[in-house]
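> Sequence plus predicted model, see below.
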Amino acid sequence: MYLKELEINGFKSFAKKSNLSFTTAISGIVGPNGSGKSNVAEAFRFVLGEQSLKNMRGKKGEDLIFTGAAGRENRGAVKVVFDNKDRKLNIDYSEVIIERVVSRDGTNEYMINGSKVRAKDITELLSGANIGASGHHIISQGEADKILSINPKDRKNVIEEALGLKVFTIKKYEAERKLKRTNEHLAEVRIEQKTTAPRIKYLKREVEKMEKARLMKDELRDLYKMYFPKKRTHVEQNEQKQKEIQLLQQQIDAIGQQVAGLQTELSSVTEASGVEQKTQDLVVVEKQLQEVKTKKASLEREIGKADARIEIALENKQRYEVYLNSQNDGEVIEKISAVLHDIWIRWAKKILSSEQISQERKDRWEKQFVSYGQLTEDQKEEDRVLAREVEKAISGTEQVSAPTFDPEQLVALETERNRLNEEIKQLSTKEAELENKRDELDDIRDSSETVGQKVQIEILTLEKKKSELLGSLNTAKLQGQQISQTLHAFDTQEAAARALFGEETNTFFVANDSNNSDLNVLEKIMRLRVLLENGGVSTSTDVMEEYKKLTEHKEFIDTEIADLEKTAESLLALIADLSEQIDVRFRKGLETINKEFATFFSTLFSGGKGEVFLVDIPLKRESEDDPQEYELGVDISVALPNKKVRGLSMLSGGERSLTSIALLFAMSAVTPPPFIILDETDAALDEANSKRYGDMIELLAKESQLILITHNRETMSRAGILYGVTMGGDGASRLLSVSLEEAESVAK
Ligand code: ATP
């Protein structure tokens, strides 16, 4: 691979298309100050993908496009052509043309062999051939000693690049970037995993609850299928019961009407017979009868008294007659006895006529009522004793005198008695009349009462039947209520079932073959419903969907995490591998560079010693407690011949240049880049050193193409081709191939 050509068009001071062909190992670019030589070096940087405008001495893209007296270009373009027969550039072309164009709006276009590419593609392609926009193979004006002034870490990077490790560092950087991105992504996904976990957990629980609820619903469905078909029986029972109630009510109503009719009949019977009047009349008659009886009794008592007085009068009359007729006591006594006996019999008969004495007693006495003459001697003697006592009493208490007797009094008494008898007779007639009347009234009343009683009995019978029917009605109503309650329970359950099962509920009523005799169906239904209602189960299908979606997403996340972890792992392994490779190659390369450096150094300084070595650079710590960590850097030590100078800072400008050149050349010698551009690296060298510099250039040119921008004659003399750059009054640089002599004069 070698550099064939550079074409600059509208870039910086090159207004028009200018071509440089690099046909020899060493090309020189010469020209007066400000003619545009360094712009050529920058054209290289530009086309090789430099992104830092500062490194091209610009502030904005527009600064890179020609603006001058000759006009104003709209685009700055640079093209570089490589021979790639050896395929050092990893692209299947024998010639590779890389082109970059900048427009006034600051946009850039990149092309490889005419195809648009990204800047990155160019960087990658070039890094494979150990070249790039920056690096030690392009040394800008005044930057020859930059390798000395930069810090050990940056120096290590430059050396790394020079050793061709950039391809590894880019890979490592890429891997680290990827790892960083992977870790960031991993962290994001883990956060997502963590954030969604509680939701998934919650949803899982919900879904489990839903599943449980679904099972309960299935069970409930089966129970409903057992329960609802029974409704028909209860509906029929209810209809029957209602009919029964209606019938009973009709019967009761009919009886009620019958009773009402009978009651009307009863009252009409009572009214028609005048029972009440008759009853009142009867009371009056009874009262009159009672009065007649009382008066009659009192008259009978009067007659009794009159009879007694008449008896006494008759006794007196007898006694008087006995007194008059009897001559001795015996006879007297005998007569008195007989009289007493008669009196006793009359008295007894009187008494016996009383109704208060029983017939048996009357009969018994009747036998004793015999006349005095029929008495036994003992009985006569009892009477005689009594007669004597009477006689004695009469004769003992008063002087035996002739008994008194008033016949008129007797007549008066008998008249009175007859009158009383007459009155009693009348009263008896009245009594008989009243009794007749009473009996008559009684009969009338009794007969009307009989009709009423019959009706009343009928009423009572009916009432009894009615009350029996009412009892049945109450029972029927009670049963009806129970059936209604059962039906109401069916309705309640149906409403609940519809809420849960919707239209499907209709199918629950279809009678099935299951001969279920489970009495606790309703109880089980209610228990399940309570469980379902209290379960707080979401019926939303969203939960299910969200759970499904989130679970899928979780699986996706888990897989992603696993993938990312795997990626991170392999990236870590790659980084470790690359680090290892870089480290091994670097240490080895640095060792070689160190040897070359020592050689170049002692050649350039005619002795002394230059050395590059690894140093540990302590890293900044967050706090003093943190362990001290180090990174590697490269330091330089120099020992000039015949001088005690050791520190870089103590070197002269020329000495600094020589040291830098020695190191840059050492680096280039170890891993030769395809080309090296040196912009006035030799500016500070004296003649002797310029010669040594020239020798070393030729040495380097064996491995790399050299493009040298120089004012140094010695350097010019080493070039195979020389380009002269001039700038005219229009501010545009021009290029021309010149001879050494011309070059010398141009350079001046
Ligand atoms: P020296 O020998 O002093 O280092 P040189 O030959 O390297 O000089 P350069 O630095 O390459 O010169 O060129 C600088 C010149 O390029 C300046 O005159 C500057 O005006 C000119 N220049 C830079 N950018 C542009 C641009 N965009 N348009 C026109 N001219 C430009």
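Structure received. Source: prediction; values computed, not measured.
> what mean pLDDT does stretch 279-299 have?
Mean pLDDT, stretch 279-299: 85.
> Tell me which residues of it come out buried.
Judged by neighbour count using 16 or more other Cβ atoms under 10 Å, the buried positions of stretch 279-299 are 281-282, 285-286, 288-289, 292-293, 296, 299. C-beta: built from backbone N, CA, C; applies to glycine.
> want to throw those residues into a markdown table with secondary structure?
A markdown table is the format used below for the buried residues of stretch 279-299 (DSSP: H, G, I helix; E, B strand; the rest coil):
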| residue | secondary structure |
| --- | --- |
| Asp281 | helix |
| Leu282 | helix |
| Val285 | helix |
| Glu286 | helix |
| Gln288 | helix |
| Leu289 | helix |
| Val292 | helix |
| Lys293 | helix |
| Lys296 | helix |
| Leu299 | helix |
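> Show me which of those is closest to Ala562.
Nearest to Ala562, judged by Cβ to Cβ, of the buried residues of stretch 279-299 is Leu282 at 124.8 Å.
> Now name the helix or strand holding the closest residue to that closest one other than its chain neighbours.
Closest residue to Leu282 apart from its sequence neighbours, by Cβ to Cβ, 6 or more residues apart in numbering: Leu441 at 4.2 Å. If you go by DSSP states H and E, Leu441 is part of helix 407-501.
> Give the next helix or strand downstream of that helix.
Sequence order places helix 521-534 as the next helix or strand after helix 407-501, per DSSP H and E.
> Give me the residues contacting that next one.
Helix 521-534 has contacts (Cβ atoms under 8 Å, 6 or more residues apart in numbering) with 213, 216-217, 219-220, 223-224, 226-227, 489, 493, 496, 500, 518.
> Mind doing that once more with 10 Å?
Residues from elsewhere that reach helix 521-534 (Cβ atoms under 10 Å, 6 or more residues apart in numbering): 212-213, 216-217, 219-220, 222-228, 230, 486, 489-490, 492-493, 496-497, 499-500, 518, 520, 537, 539.
> Got a quick PyMOL command for the buried subset of the residues you listed?
Selecting only the buried members of these in PyMOL, with burial defined as 16+ other Cβ under 10 Å, works like this:
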select buried, resi 213+216+217+220+223+224+225+226+227+228+230+486+489+490+493+496+497+500+537
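> Which ones, among the contacts of helix 521-534, also lie beside the ligand?
By Cβ under 6 Å from any ligand atom, no member of these lies near the ligand.
> how many other residues sit next to the residue nearest to Leu282?
Neighbours of Leu441 under the rule other Cβ atoms under 10 Å: 21.
> Confirm for me that Lys230 is in contact with Ala511.
Yes - using Cβ atoms under 10 Å, Lys230 is in contact with Ala511, at 9.1 Å.
> Show me what from the protein comes close to the ligand.
12-13, 31, 33-39, 63, 65-68, 141, 731.
> From those residues, list the buried ones, please.
Using 16+ other Cβ under 10 Å as the burial test, these include 12-13, 31, 35-39, 65-68, 141 as buried.
> Report the contact partners of the residue nearest to Lys59 when sequence neighbours are not counted.
Spatial nearest neighbour of Lys59, excluding adjacent residues (Cβ to Cβ, 6+ apart): Leu53 at 6.1 Å. For Leu53, the contact set (Cβ under 10 Å, 6+ apart) comprises 46, 59-64, 102, 106.
> List the residues that contact the closest residue to the ligand within the stretch 151-300 of the chain.
Sorted by distance to the ligand under Cβ to the nearest ligand atom, the residues of the stretch 151-300 of the chain start with Val158, at 23.1 Å. Val158 makes contacts with 134-136, 146-147, 150, 634, 663-664, 667, as judged by Cβ under 10 Å, 6+ apart.
> Now whichever strand or helix holds it: buried residues?
Under the criterion of DSSP H and E, Val158 resides in helix 152-162. For helix 152-162, burial by neighbour count (16+ other Cβ under 10 Å) applies to 152, 155-162.
> Average pLDDT for that helix, rounded please.
89.
> gap between Ala69 and Gly36?
Distance, Ala69 to Gly36, using Cβ to Cβ, to the nearest Å: 14 Å.
> Return the distance of the residue in the stretch 451-600 of the chain positioned nearest to the ligand relative to Ala662.
The ligand sits closest to Phe600 of the stretch 451-600 of the chain, with a gap of 25.5 Å, by Cβ to the nearest ligand atom. Here Phe600 is placed at a distance of 4 Å from Ala662 (Cβ to Cβ).
> ditto for Glu533
Glu533 is 93 Å from Ala662, where distance means Cβ to Cβ.
> Can you pick out the residue with more neighbours from the two?
Counting neighbours by other Cβ under 10 Å for Glu533 and for Ala662 shows that Ala662 has the greater number, 26 against 12.
> who's in contact with that one?
With contact set as Cβ under 10 Å, 6+ apart, Ala662 has these partners: 147, 596-605, 610, 636, 638, 692, 696.
> tell me which element Gly731 is part of?
Secondary structure (DSSP H and E) places Gly731 outside all helices and strands.
> So it sits against Ser13, correct?
Yes - here Gly731 reaches Ser13: they are 6.8 Å apart, a contact under Cβ under 10 Å.
> Now do the shared contacts for the two.
Common neighbours of Gly731 and Ser13 (criterion: Cβ under 10 Å, 6+ apart): 36, 66-68, 70.
> Give me the below-cutoff pLDDT ranges for the stretch 151-300 of the chain.
The model of the stretch 151-300 of the chain has pLDDT under 70 over residues 273, 275.
> Now intersect the shared contacts of Gly731 and Ser13 with the strands, please.
Among the shared contacts of Gly731 and Ser13, the members found in strands (DSSP state E) are 67-68.
> can you give me phi and psi for His137?
phi -80, psi -10 (degrees, to the nearest 10).
> That one reaches Thr681, doesn't it?
No - shown here, His137 and Thr681 do not form a contact pair, counting by Cβ under 10 Å, at 11.8 Å.
> overlap in contacts of those two?
Leu664.
> Quick check: the residue of the stretch 501-650 of the chain nearest the ligand.
Proximity of the stretch 501-650 of the chain to the ligand (Cβ to the nearest ligand atom) peaks at Leu604, 23.5 Å away.
> how close does that residue get to Leu685?
Leu604 sits 9 Å away from Leu685, going by Cβ to Cβ.
> ditto for Gln409
Distance from Gln409 to Leu685, counting by Cβ to Cβ: 219 Å.
> ok, those two, which is more surrounded?
Neighbour tally, Gln409 and Leu685, criterion other Cβ under 10 Å: the higher count belongs to Leu685, 22 against 14.
> check which helix or strand covers the closest residue to the more buried one other than its chain neighbours.
Distances taken as Cβ to Cβ, 6+ apart place Tyr693 nearest to Leu685, at 5.6 Å, with adjacent residues excluded. Tyr693 is located in helix 687-701, with elements delineated by DSSP H and E.
> Please apply the same query to Tyr547.
Secondary structure from DSSP H and E places Tyr547 in helix 541-605.
> Report all helices and strands that the following helix or strand past that helix contacts.
Sequence-wise, the next helix or strand downstream of helix 541-605 (DSSP H and E) is strand 609-618. Other elements packing on strand 609-618 under the criterion 3 or more Cβ pairs under 10 Å, 6 or more residues apart in numbering; DSSP states H and E are helix 152-162, helix 541-605, strand 630-639, helix 653-670.
> Cool, thanks, signing off.
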